[in-house]
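Engineer: Return a 3D structure for these sequence lines:
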Amino acid sequence: MDSRLLDALRNAPTLDLYQLNLAIDQMLSDPRRVLEVRRHLHLGAQVMYYDHRRGTLAPGRVLQLQPSHATVQDDATRIHWKLPYAAIVADPAQRVEQPQPAPRRAVDPTAFKLGDKAGFTDKHLRERIGTITRINTKTCSLLCDGEQWRVSPGLLRKIIDL
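Structural biologist: So this is what the prediction gives:
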């Protein structure tokens with residue numbers, strides 16, 4: 001990190017540091033940034049992560065992927081760390097080439113009926129399941145846990161209760 005920046009931060013008023021902290025936290029938790037890192041990771045992937053104890057990057061292996069963090073095992077000590085995605089750098093040499101997903105076929109809104117159970121993944125990677133309350137040509141309205149959602153039929157999956 002630039003020493004001039006650190007000096008400026010040391011001399012900054014506390015309120016400015018607090019506001020900067022809030023802005024940085026917001027940027028680091030931005031779903032687009034999280035998705036950008038997550039798309040390069042898979043279970044067992046070799047990564048580099050920021051080890052705050054040593055102040056350097058350390059090698060590790062991804063053990064678990066969660067919506068906001070990943071569990072990484074340190075290669076040297078075998079200690080498990082729950083790390084935010086911002087602290088992880090995917091190792092491009094170890095990246096497994098995943099086959100390109102088949103292009104999404106256009107889903108006809110008539111594939112769904114009012115009252116059908118349907119699910120989708122929201123922008124924060126949470127699975128949502130709800131009941132279709134309205135069908136339009138480009139969107140379907142769903143009621144999920146008391147919240148109303150408008151979703152493209154191409155993003156919906158039909159849920160079948162057994």
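Engineer: can you give me the helices in this structure?
Structural biologist: Taking DSSP state H as the test, the helices found in the chain are 3-10, 14-28, 31-38.
Engineer: report the angle between the axes of the first one and helix 14-28?
Structural biologist: Here the directions of helix 3-10 and helix 14-28 differ by 120 degrees (axes from the mean of the first three to the mean of the last three C-alpha atoms, to 10 degrees).
Engineer: again, but for the last one
Structural biologist: With the same axes, to 10 degrees as the criterion, the two stretches helix 31-38 and helix 14-28 enclose an angle of 60 degrees.
Engineer: Give me the contacts around helix 31-38.
Structural biologist: By C-beta atoms under 8 Å, 6 or more residues apart in numbering, the residues outside helix 31-38 that reach it are 27, 65, 67-68, 85-86, 88, 90, 123-125. The C-beta positions use only the backbone N, C-alpha and C, and glycine is treated the same way.
Engineer: top of the residues you listed by neighbour count?
Structural biologist: I88 (24 neighbours; other C-beta atoms under 10 Å).
Engineer: just checking, it touches V72?
Structural biologist: Yes. Counting by C-beta atoms under 8 Å, I88 touches V72, with 6.7 Å between them.
Engineer: about what we covered before: of the contacts of helix 31-38, closest to G146?
Structural biologist: Distances from G146 to the contacts of helix 31-38, taken as C-beta to C-beta, are shortest for H124 (17.2 Å).
Engineer: Which residue comes closest to that closest one once chain neighbours are left out?
Structural biologist: Nearest non-adjacent residue to H124, counting by C-beta to C-beta, 6 or more residues apart in numbering: P31, 5.4 Å away.
Engineer: Would you mind measuring from the one you found to I159?
Structural biologist: P31 is 24 Å from I159, where distance means C-beta to C-beta, to the nearest Å.
Engineer: where does D122 sit relative to R39, distance-wise?
Structural biologist: 17 Å.
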